[in-house]
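S.K.: Sequence first, predicted coordinates after that:
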Amino acid sequence: MTVSKGVLELGDSAMTRSFALEKIRNIGVIAHIDAGKTTVTERILHHTGRTHKIGGVDEGTAVMDWMDQERERGITITSAATICHWAGYRMNLIDTPGHVDFTAEVERSLRVLDGGVVVLDAVAGVEAQSEMVWRQADRYGVARICFVNKMDRVGADFYRTVASIESRLHATAIPVQIPLGAEAGFEGVIDLIEEKAITFEDGPDAPPRVASVPASESEKVALYRHKLIEKLAENDDVILMPYLDGEDIDKATLKASIRRLTITNRVVPVFCGSALKGKAVRPLLDGIVDYLPAPIDVPAVIGHDPSGEREIACAPDDTEPLAALAFKVVSDPFMGRLTYIRIYSGRMESGAQILNTLKGKKERIGRLYLMHANRREEITEADAGSIVAVVGLRGSSTGDTLCAPHRPVVFESITFAEPVLSMSIEPKAKADSEKLEDVLGKLIEEDPSFKVRQDPETGQALINGMGELHLEVMVDRMAREFGVQVNVGKPRVAYREAITRAVQSEGKFVRQTGGRGQYGHVWLKLEPGERGSGFKFVDALKGGVIPREYINAIGAGAREAVETGGPAGYPVVDVIVSAYDGSYHDVDSSEMAFKIASSMAVKAGIPKGKPVLLEPVMKLEVTSPSQFTGDIIGDINSRRARIEKVDTQGDSTVVGCLIPLGETFGIATALRSVSQGRVSHTMEFSRYEPVPATIAEQIVNKTGAVR
């Protein structure tokens, strides 16, 4: 094998249907930050023979954390894809970030995956980010198994973690293993299906030893095996009758039942081990094969024809017309623009012409690659169920559907959370101005949660992201990858405005300059929408008072007006704009005239709707030794936080609250200060809420506020 410029050259390895669809697993490893996702992934790669040297997160040698920023910070920033093989099965594996600032990477990965391994910390149990990734997996119907990691740590409690899966994630957890020992005495696991004890040496390469269940554990094994069968009987009629009749159910029947229920998301099998020590990762691989779905086990992906009127089922079959989804775009320093694709049906070949249905354009496939983090293996074709990267798609972006030109189909795109934080940037050297614009365009293509806009007052470029770390990484990438040094301003909160009552407003645009003039006249009704609903335009015109060809222009003018901002200068959200009356001129009316008239009506109506300022509110969870709980609660209360829970877990206390984003700057330092550095915290966006009137006045008057 030779490696040149990051390309893996493996000889004549063009992909053919060497793996039947039932032998493929498209899976992701998802978890809360620091639960051990990447360590689990690195052990999987080692045990499957994909890598010969085990990478470590702490040493900065993890294969899947290939970016400089990832290795320096010891966290995963971008999702990385690879392929490995186990027991005759092919696994397309994606390692995802755990930090909330990079949740878009998790979102788009889960959109194209069939199954997931949720890694949980045996000490902390289910944490805030665990809940978030679980909700994302629910949204896309991704089947899951859980791996309770770090069983060798002080305070590890497998049974408490299983209880937290049921209480916090509202899932039916079924342990298929229980630990043999815990903390420093953790030796391995007991398989409840096979009724065997599997022990491991500390060395990750040492083979597992399989033996009978120790006599001291027999009662516990009998108890938890009975609970397992009982839960299966509650959810599966195949198990129910023999269970009620007191029959002995064979192992194959139990495994088949667990697989059926897991694929349909009715139960979640739970495994345990210590990834760092290499203990129980092999049984986890067996569990992935046994219980997570193949592409043919999940329902055919439903798309629509371009008109949206007819449904099209895209079955995982090589003989079907091509249908695929682009879920990620990367600017590669050697290859240029790489587009990551999940193929749902049909085959994709190098040089073939495909149709991008969202853009309405045909493109030609350049080269196809299988990915292994930042290295590539070139192939000539890819089949249904594959996850590959494509070179040559200039016009395709995240969420686009790619298909055979003779069968146009459109899949549901991927939606991402709106950014909540911004900062101003400008190039240090004037000569870099044009280059910066090009770099920002590439970063926006790669990361849909990263946005750029111009401050209308100062003319400065404002970069918008999901948090301080997100923006910090983006600025670092500009310098390292693209050679553009920038000056940055302080992070600023992305405030919004919303009206609180319904109003009617008129917009009339009339211009006569000799010859054909301009005439647009519209009456709009502005109503408050549900929080988080965004902007909605309703055509309520009747009787042809305004011709149909001007309706889209009215909607576009209203949208532009709310995005421009309300009285305080911030974008207006959660508003329903209905056009219900107006007039037109046979000669002078135009789309532009109605667009301007609509914009005028919205701008006139918003101040009459008693607008309020909205601020992003974050869900904060702080874990610390119990002795510091009082000081921590005191600090976050001083930041306008609302305490929602205070839970005790052994010697630690978990404080959960909702806190305005604007009050969180510097909170990490403050929490470390009051807890002697023994605190950890996670934060994720929850929702926008009205700002108290006195605070709102200060924000509007403050020169540093986002406009």
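M.R.: Happy to help now that I have it.
S.K.: Now do the closest residue to Thr172 other than its chain neighbours against Ala171, distance only.
M.R.: Computed as C-beta to C-beta, 6 or more residues apart in numbering, the closest residue to Thr172 that is not its neighbour in sequence is Val267, at 4.7 Å. Backbone N, C-alpha and C define where each C-beta goes, glycine included. From Val267 over to Ala171 the distance is 8 Å, taken as C-beta to C-beta, to the nearest Å.
S.K.: between the two, who's got more neighbours?
M.R.: Neighbours of Val267 and Ala171, each counted by other C-beta atoms under 10 Å, are more numerous for Val267; the result is 27 against 20.
S.K.: pretty sure that one contacts Arg260?
M.R.: No: counting by C-beta atoms under 8 Å, Val267 sits too far from Arg260 to count as a contact (9.3 Å).
S.K.: count of residues packed around the closest residue to Gln649 other than its chain neighbours?
M.R.: On the basis of C-beta to C-beta, 6+ apart, the spatially nearest residue to Gln649 that is not a chain neighbour turns out to be Gly125, at 7.0 Å. If you count neighbours by other C-beta under 10 Å, Gly125 ends up with 23.
S.K.: Which residues are in contact with Gly125?
M.R.: Neighbour list for Gly125: Asp157, Arg160, Thr161, Ser164, Arg168, Gln649 [criterion: C-beta atoms under 8 Å, 6 or more residues apart in numbering].
S.K.: ditto for His521
M.R.: Glu506, Gly507, Lys508, Phe509, Val510, Gly582, Ser583, Tyr584, Ala597.
S.K.: Using PDB, list the CA coordinates for stretch 671-690.
M.R.: Once non-C-alpha atoms are left out, stretch 671-690 reads as follows in PDB (Å, rounded to 0.1, in the frame of the first residue of the first chain):
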ATOM      1  CA  LEU A 671     -17.500  28.100  37.700                       C
ATOM      2  CA  ARG A 672     -13.900  26.800  37.900                       C
ATOM      3  CA  SER A 673     -13.100  29.600  40.400                       C
ATOM      4  CA  VAL A 674     -15.900  28.600  42.800                       C
ATOM      5  CA  SER A 675     -15.200  24.900  42.500                       C
ATOM      6  CA  GLN A 676     -11.400  24.800  42.700                       C
ATOM      7  CA  GLY A 677     -11.400  23.700  39.000                       C
ATOM      8  CA  ARG A 678     -13.400  20.600  39.700                       C
ATOM      9  CA  VAL A 679     -16.500  21.400  37.700                       C
ATOM     10  CA  SER A 680     -17.700  20.400  34.200                       C
ATOM     11  CA  HIS A 681     -20.500  22.000  32.300                       C
ATOM     12  CA  THR A 682     -22.400  21.600  29.000                       C
ATOM     13  CA  MET A 683     -24.600  24.100  27.200                       C
ATOM     14  CA  GLU A 684     -27.000  23.800  24.300                       C
ATOM     15  CA  PHE A 685     -29.500  26.200  22.700                       C
ATOM     16  CA  SER A 686     -33.000  25.800  24.000                       C
ATOM     17  CA  ARG A 687     -35.200  28.600  22.600                       C
ATOM     18  CA  TYR A 688     -35.700  32.400  22.200                       C
ATOM     19  CA  GLU A 689     -37.600  34.200  25.000                       C
ATOM     20  CA  PRO A 690     -38.600  37.800  25.500                       C
END
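S.K.: Out of the contacts of His521, which two sit at the greatest distance?
M.R.: Of all pairs drawn from those, the widest gap by C-beta to C-beta lies between Glu506 and Tyr584 and measures 14.3 Å.
S.K.: Which one of the two is surrounded by more residues?
M.R.: Neighbours per residue (other C-beta under 10 Å) separate Glu506 from Tyr584, with Tyr584 holding more: 19 against 15.
S.K.: I figured the more buried one was touching Ile546, is that so?
M.R.: Yes: taking contacts as C-beta under 8 Å, Tyr584 lies within contact range of Ile546: 5.5 Å.
S.K.: Now the common contact residues for those two.
M.R.: Taking C-beta under 8 Å, 6+ apart as the contact definition, Tyr584 and Ile546 share the neighbouring residues Phe594.
S.K.: How about the contacts made by the nearest residue to Ala579 once chain neighbours are set aside?
M.R.: Of all residues beyond its chain neighbours, the one nearest Ala579 is Ile554 (5.1 Å), with distances taken as C-beta to C-beta, 6+ apart. Residues in contact with Ile554, defined by C-beta under 8 Å, 6+ apart, are Val522, Phe537, Ile546, Ala579, Phe594, Lys595, Ala597, Ser598.
S.K.: again, only this time at 10 Å
M.R.: Each residue near Ile554 by C-beta atoms under 10 Å, 6 or more residues apart in numbering is listed here: 507, 520, 522, 524, 537, 539, 541, 546, 577, 579, 582, 591, 594-595, 597-599, 601.
S.K.: What subset of the residues you listed is buried?
M.R.: Under a neighbour-count criterion of 16 or more other C-beta atoms under 10 Å, the subset of the contacts of Ile554 counted as buried comprises 507, 520, 522, 524, 537, 541, 546, 577, 579, 582, 591, 594-595, 597-599, 601.
S.K.: picking that back up, of the contacts of Ile554, which belong to strands?
M.R.: If you go by DSSP state E, these have Gly507, Gly520, Val522, Leu524, Phe537, Asp539, Val577, Ala579, Gly582 in strands.
S.K.: The nearest residue to Leu393 once chain neighbours are set aside sits in which helix or strand?
M.R.: When the adjacent residues along the chain are set aside, Leu393 lies closest to Thr339, with 4.6 Å between them (C-beta to C-beta, 6+ apart). With secondary structure defined by DSSP states H and E, Thr339 is part of strand 336-345.
S.K.: gap between the closest residue to Trp523 other than its chain neighbours and Val390?
M.R.: Take Trp523 and drop its neighbours on the chain: the residue closest to it by C-beta to C-beta, 6+ apart is Asp581, 3.9 Å away. With distances taken as C-beta to C-beta, Asp581 is found 50 Å from Val390.
S.K.: neighbour count winner among these two?
M.R.: For the pair Asp581 and Val390, the greater number of neighbours falls to Val390 (24 against 17), based on other C-beta under 10 Å.
S.K.: related to what we said a few turns ago, burial measure for the residue nearest to Leu393, as a count.
M.R.: Neighbour count of Thr339, defined by other C-beta under 10 Å: 26.
S.K.: Put together CSV for the ones in strands among the contacts of Ile554, with distance to Ala498 and pLDDT on each row.
M.R.: Shown next, in CSV, are the ones in strands among the contacts of Ile554 (distance: C-beta to C-beta, whole Å; pLDDT from 0 to 100):
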residue, distance to Ala498, pLDDT
Gly507, 20, 94
Gly520, 27, 93
Val522, 22, 95
Leu524, 16, 95
Phe537, 16, 94
Asp539, 22, 92
Val577, 13, 95
Ala579, 20, 94
Gly582, 25, 93
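S.K.: any idea of the pLDDT on Gly534?
M.R.: pLDDT, the model's per-residue confidence, is 86 for Gly534.
S.K.: mind listing what it touches?
M.R.: Shown in contact with Gly534 (C-beta under 10 Å, 6+ apart): Glu418, Val562, Val573, Asp574, Val575, Ile576.
S.K.: Now it: phi and psi?
M.R.: Dihedral angles of Gly534 (phi, psi; degrees, to the nearest 10) stand at phi 80, psi -140.
S.K.: ok, it to Trp86 distance?
M.R.: Counting by C-beta to C-beta, the gap from Gly534 to Trp86 is 44 Å.
S.K.: do the same with Val126
M.R.: As judged by C-beta to C-beta, Val126 and Trp86 stand 27 Å apart.
S.K.: more neighbours, those two?
M.R.: Neighbours around Val126 and Trp86, counted as other C-beta under 10 Å, are more numerous at Val126. The numbers are 25 against 18.
S.K.: I figured the more buried one hits Ser167, correct?
M.R.: Yes: counting by C-beta atoms under 10 Å, Val126 sits close enough to Ser167 to count as a contact (8.0 Å).
S.K.: Thr253: neighbour count?
M.R.: The local packing count at Thr253 equals 14, with neighbours defined by other C-beta under 10 Å.
S.K.: What residues does it make contact with?
M.R.: With contact set as C-beta under 10 Å, 6+ apart, Thr253 has these partners: Leu232, Asp236, Val238, Ile239, Pro242.
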